[in-house]
Each structure stands twice: as C-alpha cells, then as structure tokens.
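Colleague: quick one, what's the 3D model for this:
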Amino acid sequence: MKNIILTFFFGLITIFTSSYAQVNYARLIVRGDDMGFSHAANEALIKTYKEGIERFVEVLVPSPWFPEAVKLLEKIRVSMLAFAWP
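Modeller: Numbering: from 1, shown residues only. This next block holds a predicted model:
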C-alpha cells in the first residue's frame, strides 16, 4: 500500500512539474532565400521582412536583379544578411 501511495504521489509531482517546466515556447525562424533572383522575389522578401515574418535574408549575388536587391536593402535595416555565390 505504501508503494502505491508513493508511486501515485511521485506521478502527480511529475505531471505538475513537467507542465510548469515548459515556460519557453518554440520559435519559428523564417529565412528569405535567393533575393535578387527576380523583381517579384525582391518585393516579396522586402515586404515579409518589414512585416516581421522573416528575420534573415540571403542575397543571390550572381543574379539579374541583384542591383535592385541592393537598393531595396539600403532602405531598410536588416538584422541578418548573407550573400550566396554558387
């Protein structure tokens, strides 16, 4: 009987502590990829960055719309930026 009560007691402690232990919630980090590939991609990546959807922008350097991407990025402050060369 004593073992049953102890098992039940420790089971309750485990259930309550595990539910309170998960204070930090999972986060989703969205990365914008291949900026400079096209005009539409440049506009979409700038829009999603301004709206707070993405936190990271990757610029494809040898691409036809790279100069436009640079001009658009100069207008905003990007926290994380990466350049990709194939």
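Colleague: can you tell me the SS state at residue 77?
Modeller: Three states are possible here, and by DSSP: H, G, I helix; E, B strand; the rest coil the one that applies to residue 77 is coil.
Colleague: is residue 48 in a helix, a strand, or coil?
Modeller: At residue 48, secondary structure determined by three-state DSSP is helix.
Colleague: for burial, what's the neighbour tally of it?
Modeller: 14 (other CB atoms under 10 Å). All C-beta atoms are positioned from the backbone trio N, CA, C, and that covers glycine.
Colleague: if I look at it, how far off is residue 56?
Modeller: Note on residue 48: its distance to residue 56, by CB to CB, to the nearest Å, is 11 Å.
Colleague: overlap in contacts, these two.
Modeller: In terms of CB atoms under 8 Å, 6 or more residues apart in numbering, residue 48 and residue 56 are both contacted by the residues 30, 32.
Colleague: out of the helices and strands in this structure, which is least certain?
Modeller: Lowest on mean pLDDT, DSSP states H and E among the helices and strands of the chain sits helix 2-21, with a mean of 56.
Colleague: quick check: residue 55 touching residue 30?
Modeller: Yes: Residue 55 lies in contact with residue 30 (CB atoms under 8 Å); the separation is 6.5 Å.
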